[in-house]
Every structure is written in C-alpha cells, then in structure tokens.
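Asks: Fold the following for me, if possible:
(2 chains)
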Amino acid sequence: MPQFFQMQDIGAIVPELELAVFGMFLLIFDLMVQNKRRLGYVALAGIAISGAFLFRLWNVEFFAYGGALVLDPLSLFFKAIFLIAAALSIAISLKYLDIERENHGEYYALILFSTMGMMFMAGAVDLVTLYIGLETMAIATYVLVGFLRSNQRSNEASMKYFLLGAFSSGILLYGMSLLYGLAGSTRFDDIAAALSRRPITDPISLLAMITLSAGMFFKVAAVPFHQWTPDAYEGAPTSITAFMSVAVKAASFAMMVRIFMIAIYPLRPQWIAIMAAVSVLTMTIGNIAAITQSNVKRLLAYSSISHAGYILIGFIAGNATGLTAVGLYLLIYTFTNIGVWTVIVALRRKDVIGEHIDDMAGLYFKHPGAAVLMLIFLLSLAGIPPTAGFIGKYYLFAAAIETGHNVLAVIAVLNAAISLYFYFRIVVSMFMRDATEKTGLTFAPGLSLALGIAVIFTMVIGIYPDPFIALARHAVPLGF
Amino acid sequence: MDFFRQHILTIVTFWPLAGMIILLFFNKENKTLIRWWANLVMIVGFIVSLPLWFWFDRTNSDQMQFVENVQWVRTLGANYHMGIDGISLLLVLLTTLLGPLAVLSSWETIESRIKEYYVFMLMLQTGMLGVFVSLDFFLFYVFWEVMLVPMYFLIGVWGGPRKLYAAIKFFLYTLFGSVLLLLGILALYFSYPSIAAQHPEIAAQFGSGSTFDVLAFHAIAPYLPFTLQYWIFLAFFVGFAIKVPMFPFHTWLPDAHVEAPTAGSVILAGVLLKMGTYGFLRFSLPILPDGTKYFVPMMIVLSIIGIVYGALVAMMQPDMKKLVAYSSVSHMGFIMLGMFALNPNGLNGSIIQQINHGISTGALFLIVGLIYDRRHTREISEFGGISNVMPVFAVVFLIMTMSSIGLPLLNGFIGEFTIMMGALQEHLWWAVFAGSGIVLGAAYMLWLYQRTMLGKIENPANEKLVDLNLRELATVVPLIIVAFWIGLYPAPFFAVLDKPVNKLVAKVRPDYFQGAPRLNAGQIGAPR
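Replies: Just a heads-up that it's a prediction; the model follows:
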C-alpha cells in the first residue's frame, strides 16, 4: 500500500466528511433559524446522505492514508449501526427537547460530530486514528450528557462522565504508548507482529495489555469499571441515554474487535482469562444490581451493563461464530434498546418526569400500543423468542458452547433468566397496576416513526434472521 | 383438500393464532361477540384436528406423518419441520380437546379484560400445539418459550390473591430450566457434524452440516459419547423435570395452580405438564439412551418421592384446589416412574396415563372451579352435603374422583395397571411404591369427596346452591365420555402407541427384544 496520502484516500472517508460538513453547517444555520426542530430535520438529512455514501462504498475494500484507516465489511457494518442509532436518536429528540425547553442547534451538530468520531473508530487500524476518533466521540458525548443546563442531575452526570472518561482515556493512552514503544509503529498489524516476536509472558506486553484492556472495559462499562454508567445514563437527557446505550457502546465494541482480535491477538491466551472474569462479573453484577432499581433509567443502565457482559462472550469464543455474534447482537440491541428508550422518552411529559417504575403503572390501559411495544422490547432484551433478542443471545451462547466454554455458557444463560425478573417488574407495572398518572402521552411523529422501525426490526430479525445473520457474518474480519 | 392434508399440522397449530389476530380487531366492549368468537375458534380448532385421528396411518404409527419440512433459517440450519407419530398424535388431540373446554369454562367466570384474556388463551393454544408437532429443535424451543408469555399473563392478571408472585415464579422456574435445555440443544447441534462425517448413511439422509433436526439427532444417538450424553441428559433433565414437575422442582406448581384462573389450571395440569414428559419421551430417551439408562436410578427415586410426597401433602390440604394440585405432583411421579421403567408396558402406560391425567385432573380443576364460582371459596371445611342440592354435580364429581383413583371401567385404571405391570417387570419395589401412591390417592380423593359432597348440609351458605347449567355440563361431559372410552375400550389408543413405544424401547435398550428383559440399572457404565 502507498505510504503517503493520495487523492483517492478521500473517497474512503466521504461519509464521515459529509457528516462533519453538515455538523458545521448546522452550527451556522442555528443562528438563522427560529424553529430549532428544522435543524433536527437537517441533521436527519445529513445522516441519510452519509448513509447513501456509505452504501456506495459497500463492496469497496482498501487501506487508506498509508494504512491508518481501513474500509472493510467490519467498518461498514458498524458505521451503518452508528448511522441508524444516530438517526433514531435524533428522531426521538425533537419533541423531547421541546418539553425540556432545551432545543438548541448544537445538540444536533454534536450528535453528528460524535457519530463521525465513531465512524473513524470503526475504520481505524492505527492507534492514533483510533484515539482521535474516540476522543471526538467522547468529547461530543460529554457535552450532550450535560445538555440540560438547568438540571442539576444532568450537570452532575456530565461531570462524572467527563472525569472518569478522561481518566480512562489516560489509561488507554498509557497502554497505547507502551505498545508504540514495543513495536515502533502505531499500526495494528505491526503491533501484532512485534508482540508475537516477544515471549507471551513478557511483562511490558502484559502491562500494555492490562492498561489497554482497562481503558476498553471502561468504555463499554464492564465491571469493575461500570460505576459511571447508572449516573450518566440517569442524568443525561433520555434521548442521549438512548444514543449512548447503543451507538457509543457499539463504537466501543467496534474498537475492541480491532484491538483484541488484531493488535493484541498474540496475547490472547493472557487476555482471555481476564476477559472471562470480567464477562462473568459484568453480567452477574449488572443483573443483580438491576433487580433493586426503581428508577427505570437506572434499571436499564444496569441492564445495559449486563448486556456488555454477554457481548464479551463473543470475544472469549474468538472464532467466526463469536465475532458474528458480537456484530449481530449489537445490531439487534440497537433496535431493541432504542425502542425501549423511545417509550421512556414518550413518558416524559410536561410536569411528569416519567422515570420511576410507578410512572409506568397502568400504561396499558391508557396507551395499549405503547405498552405492548414496550413488552416486545423487554422480551427481546430478556432473550425470549420469537423476538430478535433471542437470536442474539442464541448466537452468543452457541459461540461459547462451540468453543468449549461450557461453564461460561451456563453462567450466561442463568443470568439471562435472572434478567427476566427485573424486566418484568416493568411489565407488571404497565399491565397489572392501575394508572396513577392522569396526563396522557402525546406521540410526536418522530417518536412513532422510531418506535415503528424499532419494533419492525425486533420482530423481523426474530422471525426471519437469515439476512441479518449473513450481514453480520460478512462483517467478520478476514482470517476468522 | 390436498392442500389441507399436506399442511394440516400447520393449520391445526396456527389456527388459534389466526383467530387471535382477528380477535384483536374486535371492539373490547362487545363482550358477547368476543366470547362467541373465541369459543368458535377453539371448537373449529378441535374439529380441524380430528382428521389427524382418522387419517393417521396406524400401520406406520412409529413413522412421522403429515410431515412438513421447509427451510427456515438457512444460516443456522433450522427448518420448519413438523410431523407427528402415535405419541404426539394423542397429545395434540388432548390439547385440541382441552382447549375449547377451558375456554368454554371461562364464559361467565372471566369478567374483566375479556378481550386480552381470550387473546392469551388462543396464543397459548398455538404455543402448546407447536411444541407437540415440532421436529426441529430450534422450532421446538421457540414454541416452548413463546408459550410462557401468555401463561404468565393468564396467571398474573386473572389469578387469585397471590397472582403476581405465582406468575413470576412460574415464569422464572420454567425459564431457568429452558435456558439450560437450550445449552443441551446447542451441544447436540455442534456434535452432529463430526458424527455425521464418520457415518455416511446419516450424512446422506440428514446432510453433513449442523442441523437442529430431531430425527437426525435420533440417528446419531448410538454414536454420541457417554460423557456428552451424561451432561446433555442433565441439561434436558432440568428443563423437562421443572415442567413435569418432578420432585424437587415442583414448588412452582402449587402456587401457579392455585392462583391461576380455572381455565389456566386446566391447561396447566392438562397440557403444560405433558410438555415436560413429552420432552423426555421425544428427546431424552431416544437421543441419549446411555445417559437415560445411567440416570434411571435417580429418575426412579425422584419419581417415587414425588408419588409419596405429593400424595401425603395432598391429604393434608384444607384447600380443594391445592389438594388437586398436589395430587398432580403425585400422578406425574407415577407417569415418570412408568416411563423410566423403559419397557413397553411402562411406556405405554405412561403415555396413556398422561392423557388420563389431562382428562381427569383437567376435569377436577373444572369441578373445583364450578364450586368456587358458586361459593367463592375452596376451603373444604366450608362444604359438606353438597350432593343434596347439586345431584348432577355430585355425579360428575364422583365419576372424576373414580377416574382419578383408578377405578376399573374408567381411564385411570388402564394407565395405572399398565404402569404397574411395567414397573413390576423391572423391580418389585418400584411396583410396591407405585402401589402405595394408588392407595394414598384413593384415600385423599375419597376423603375429599366424603367431606364435601356427602352427609347433611351444615353450612347454611350451601343450602341454595344451583346445580350445573347446560354450559357447565358441556365443559365436563366430553371429558367423562373420553374417560369411559379409554376405560372400556382402550385398544384404539394402544394401537397408535404400540409401534412408537417399541421403537423407543429398541432405541434405549437394544437388547430388550433379544431376551434381556431386565434393566440392570446398577451396571451401566460410569462416566468414561
């Protein structure tokens, strides 16, 4: 591959560039437009155009910028997930921001910038590119978490998230610098080659691996680095919580695929044990902590922690099935989780925060549609067929059994069963309690659209998963 | 007609679901229409399933019939594969018979949220039928799990005072079992290709790639290593034993049965529990013959504990419904004992007894429901001398009591007698314990009948009770007819069971038909 920049390299990042241009355009447009909702539509258009460019690149594969970025099925798959998640998050933000009286143009621009950062993360095969993508995403997200300026919880969440996020980025960077020192290159394949030349118990390799893993585990909110999640998810504007729980999480996993499966793959015998312990702890602690929550946002935050634990199984299995499972699970999780958060967003009304489990009481009697959709999403999160969540869980468990991680599989399935208990606390509240809240919900078109898309995919993937499995499988990097 | 014949299993299975989808569009205030529609759907569902009985080829009753096999999830190797043999035929018909009766029994008893109630009943019916007709493990698992959701709501919304507790307990217990079952399925799924690669005749028939085909798993059974069988058997055991339920996994059952509305209890006892025994028959026994033989002692001991413990606890119950619920634990222990005698008599009896249990326990729950509708209590001490005011009811109750305790001329006798023969063939003590269950069963059932129905009316609240009306009679009469049919002329039932049962025995104990009629449970290999 050519070592230096060539004109055709720009072609590889057109979708990202387009998002950046739209983001900056939005900032200017913001000064001229009174009705900020229109900015949301512009942002949606930007995502759609970026998606169209992405689609044109669908079968293109090449290394750009002297091997700093790659265009391959894996990056395209994840980029598609980010765009879907960003679009759905914007669709559910329009009305929510009006209610919170915080509808400002920067909001949409920041989502676009954050998405752009994620897209660079998914394509990065170089430590520097990766880190820049990561920070672009993270800084935009810190601001978004604190976007409710007059709300103390939001400010606190943003501050916590920022401090811990910066701290973890530091640790990550420390690991990266060690790797650079070992390999003399920031490219993943050079790092892998350098690591495989050293003995597997080499202390410096191990130190690099441990710091790098710690940083990664923080980003995906794995135990013991999960404490920021409930606070950040609870305090953030709900639409941003939705965005974080799917897009930011998916981006972090995309990054993990490249780091763990390419850069430090030679150390796999070492990290697999750490990963197994983290996976077990993450799903178990996430589930157990979720049982006692009465705030739905916190409950779902812990649930998302446990889902990260399940996804780690895919890395532990580490074969084609496992990596397919990671991609498939994240795709499914995107639709399902956006669906859940959309219902929570809809519950936010004037004067009603709608976050407590009791706020959902009797939802079925007033809005049977919303309650039934919520039921479907919760069943999908719990992994009950014929919803998509079952297919995702099935694939992860299958990967574990296929590679002989039987104990891990047993722990995982038992956790999946436990999780039903707290998901059904919400169901009990919705279907079997009398309504306490009199104010009805109003469904803005954006909310209905997001709900519709989420439920269609949740059901279709559950009943006819073939094309989606094929898609995820296609995204698995070569060599697995 | 050809189309109907080729797709009869799909039609039978999904007909209730189709009816449910139409029901969704009804106005929820129009209660009469909703009731009529739900009953109509169920009755048509029963009628549609009748051709199965007439078209079933009895000379090949061990072969899968009415087979439908279409590719479903290509990437996983899961197919839409359905088919029934003699064993599933009876269970399918039991389901389509009990379904309409359960729905009919709800006509007056369910008054709140009627539309949702019938929606869940119809959904449940499809789930249960799907379990009995699936020949693809993936499809089976989907039906197996789907069915939990409507049952959860039936208990949780229309149940008794502790309904929420009972509903989630039911759901969690079953889910814990079924996720382990899933792991067992996965273990089979991944071991198939390597075995098929060594045995070209299997690969030729079922393909060489991973598959969920149950028949393919039946084919690789002799080649599955013992250690694998050992673990898969345990995984399946937890999944199915919770459903049956076997001691010590039975604790969800009294709660669920007591809290569920009458129709829910009828379906639970009549059909849902059979899904566990069916799972053993269709999967554990033929796929894991060595594992099965190895675990016979454990299974027998647990069955016997279930028989005796269930009966003793039933005897002490002050609540009629709880009494019937614990009697289920005892009867299901009996069924499991017959099954794990692993000889033709034991298995035949076990399957017939599954049908019998569905009929008599289903009817007993209906009976308890009928009396509960009138008095809104189920305390045995509240009753006494009811036969004076409700003579028809007393007769119905008497017949079903007799059926439950195994009086000759009624269905229970046939099943119990055959199971006893099977047990005796293997071990004297098994039969002795089984016999004790029958004696205890007679004791608590007769005592219950005596305390509630005979004597003089002492509680003034019972003086004005009305006898059964036509609709109520219609819910129990079909069961009485079948009870007498099986009791007087069981040959048609054994005719469809004989071959599949022999095939099953030949699979699990290949030496049985070569003159080794006794199962040497102690000498089957320890884990290799």
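Asks: Can you list the low-confidence ranges for the chain?
Replies: Going with chain A. A:1-4, A:350-352, A:437-439, A:478-480 (pLDDT under 70).
Asks: My question was about chain B, not that one.
Replies: B:515-528.
Asks: so which strand or helix has residue A:63?
Replies: Using DSSP states H and E, the element containing residue A:63 is strand A:62-64.
Asks: and the gap between the closest residue to chain A within chain B and residue A:428?
Replies: Here chain B gets closest to chain A at one residue, residue B:179, 3.7 Å apart by Cβ to the nearest Cβ. All C-beta spots, glycine's among them, are computed from the backbone N, C-alpha and C. Residue B:179 sits 21 Å away from residue A:428, going by Cβ to Cβ, to the nearest Å.
Asks: Run a quick neighbour tally on the residue lying closest to residue B:113 once chain neighbours are set aside.
Replies: Nearest residue to residue B:113, sequence neighbours excluded (Cβ to Cβ, 6 or more residues apart in numbering or on different chains): residue B:157, at 6.4 Å. Residue B:157 is flanked by 21 other residues according to other Cβ atoms under 10 Å in any protein chain shown.
Asks: So residue B:157 sits against residue A:431, correct?
Replies: Yes: look at residue B:157 against residue A:431 with Cβ atoms under 8 Å: they come within range, at 6.8 Å.
Asks: element containing the nearest residue to residue B:106 once chain neighbours are set aside?
Replies: Spatially, and ignoring its direct neighbours in sequence, residue B:106 is nearest to residue B:263 (4.6 Å; Cβ to Cβ, 6+ apart). With elements taken from DSSP H and E, the one containing residue B:263 is helix B:262-267.
Asks: Kindly format the C-alpha coordinates of that helix as PDB.
Replies: Output in PDB follows, covering the C-alpha atoms of helix B:262-267 (Å, rounded to 0.1, in the frame of the first residue of the first chain):
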ATOM      1  CA  THR B 262     -59.800 -22.200  36.400                       C
ATOM      2  CA  ALA B 263     -59.100 -22.400  32.700                       C
ATOM      3  CA  GLY B 264     -55.400 -21.700  33.400                       C
ATOM      4  CA  SER B 265     -55.300 -24.500  35.800                       C
ATOM      5  CA  VAL B 266     -57.000 -26.900  33.400                       C
ATOM      6  CA  ILE B 267     -54.500 -26.000  30.700                       C
END
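Asks: got a list of contacts for that helix?
Replies: Identification of contacts with helix B:262-267 by Cβ atoms under 8 Å, 6 or more residues apart in numbering or on different chains yields B:98-99, B:101-103, B:105-106, B:109-110, B:121, B:124, B:128, B:151, B:154-155, B:158-159, B:257, B:321, B:325, B:362, B:365-366, B:368-369, B:372.
Asks: who does the helix or strand following it touch, helix- and strand-wise?
Replies: Note on helix B:262-267: by DSSP H and E, the next helix or strand toward the C-terminus is helix B:273-279. In terms of contacts (3 or more Cβ pairs under 8 Å, 6 or more residues apart in numbering or on different chains; DSSP states H and E), helix B:273-279 is packed against helix B:86-105, helix B:114-133, helix B:226-243, helix B:320-339, helix B:344-375.
Asks: To what extent is residue B:428 buried, counted in neighbours?
Replies: Residue B:428 is flanked by 9 other residues according to other Cβ under 10 Å.
Asks: follow-up on the earlier one: distance of the residue of chain B closest to chain A relative to residue A:381?
Replies: Distance, residue B:179 to residue A:381, using Cβ to Cβ: 15 Å.
Asks: The longest strand seen in chain B: partners in the sheet, and parallel or antiparallel?
Replies: Assignment by DSSP state E gives strand B:65-73 as the longest strand of chain B. Looking at strand B:65-73 with DSSP bridges, its partner strands are strand B:78-84 (antiparallel).
Asks: distance from the centroid: which residue in chain B tops it?
Replies: Distance from the C-alpha centroid of chain B, by Cα atoms, centre = their mean, peaks at residue B:460 (39.2 Å).
Asks: Looking at chain A, what residue ends up closest to chain B?
Replies: In chain A, the residue that lies nearest chain B is residue A:413 (3.7 Å; Cβ to the nearest Cβ).
Asks: unless I'm mixing things up, that residue is touching residue B:179, no?
Replies: Yes: using Cβ under 8 Å, residue A:413 makes contact with residue B:179 at a distance of 3.7 Å.
Asks: contacting residues around the longest strand of chain B?
Replies: Identification of contacts with strand B:65-73 by Cβ under 8 Å, 6+ apart yields A:464-466, A:469, B:5-10, B:52, B:55-57, B:78-85, B:135-136, B:138-139.
Asks: Flag every residue of chain B that's near chain A.
Replies: Within chain B, the positions near chain A by Cβ under 8 Å from any Cβ of the partner chain are B:73-76, B:141-142, B:145-146, B:148-149, B:152-153, B:156-157, B:164, B:168, B:171-172, B:175-176, B:179-180, B:182-183, B:186-187, B:189-190, B:231.
Asks: pull the longest helix from the chain.
Replies: By default, I'm working from chain A. helix A:152-183 (DSSP state H).
Asks: meant chain B actually
Replies: Identified as the longest helix of chain B according to DSSP H is helix B:163-198.
Asks: could you check the angle helix B:226-243 makes with that one?
Replies: Put simply, helix B:163-198 runs at 160 degrees to helix B:226-243, going by axes from the mean of the first three to the mean of the last three Cα atoms, to 10 degrees.
Asks: Run through the strands of chain A in chain order.
Replies: Listed in chain order, the strands of chain A (DSSP E) span A:62-64, A:69-71.
Asks: excluding its backbone neighbours, what's nearest the spatially most central residue of chain B?
Replies: Geometric centre of chain B, nearest residue: residue B:274, 1.8 Å, by Cα atoms, centre = their mean. Spatially, and ignoring its direct neighbours in sequence, residue B:274 is nearest to residue B:354 (5.1 Å; Cβ to Cβ, 6+ apart).
Asks: next one: residue B:326
Replies: The shortest distance from residue B:326 to any non-neighbouring residue, by Cβ to Cβ, 6+ apart, is to residue B:314 (3.7 Å).
Asks: helices or strands up against the helix or strand encompassing that neighbour?
Replies: If you go by DSSP H and E, residue B:314 is part of helix B:296-315. In terms of contacts (3+ Cβ pairs under 8 Å, 6+ apart), helix B:296-315 is packed against helix B:320-339, helix B:428-453.
Asks: centre of the chain versus the last one, how much separation?
Replies: Going back to what we said before, that points to helix B:428-453. 21 Å (Cα atoms, centre = their mean, to the nearest Å).
Asks: Flag every residue of the stretch 301-450 of chain A that's near chain B.
Replies: A:379, A:384-386, A:390, A:394, A:397-398, A:401-402, A:406, A:409-410, A:413-414, A:416-417, A:420-421, A:424, A:428, A:431-432.
Asks: Give the burial count for the nearest residue to residue A:338 once chain neighbours are set aside, as a bare number.
Replies: Spatially, and ignoring its direct neighbours in sequence, residue A:338 is nearest to residue A:88 (4.6 Å; Cβ to Cβ, 6+ apart). Using other Cβ under 10 Å, residue A:88 is surrounded by 30 other residues.
Asks: In this structure residue A:88 contacts residue A:450, no?
Replies: Yes: shown here, residue A:88 and residue A:450 form a contact pair, counting by Cβ under 8 Å, at 4.8 Å.
Asks: intersection of neighbour lists for these two?
Replies: A:338, A:342.
Asks: ok, now which ones touch the residue nearest to residue B:113?
Replies: A:431, A:432, B:113, B:116, B:117, B:163.
Asks: Could you work out the most separated pair of those?
Replies: Put simply, by Cβ to Cβ the two of those set farthest apart are B:116 and B:163, 14.5 Å from each other.
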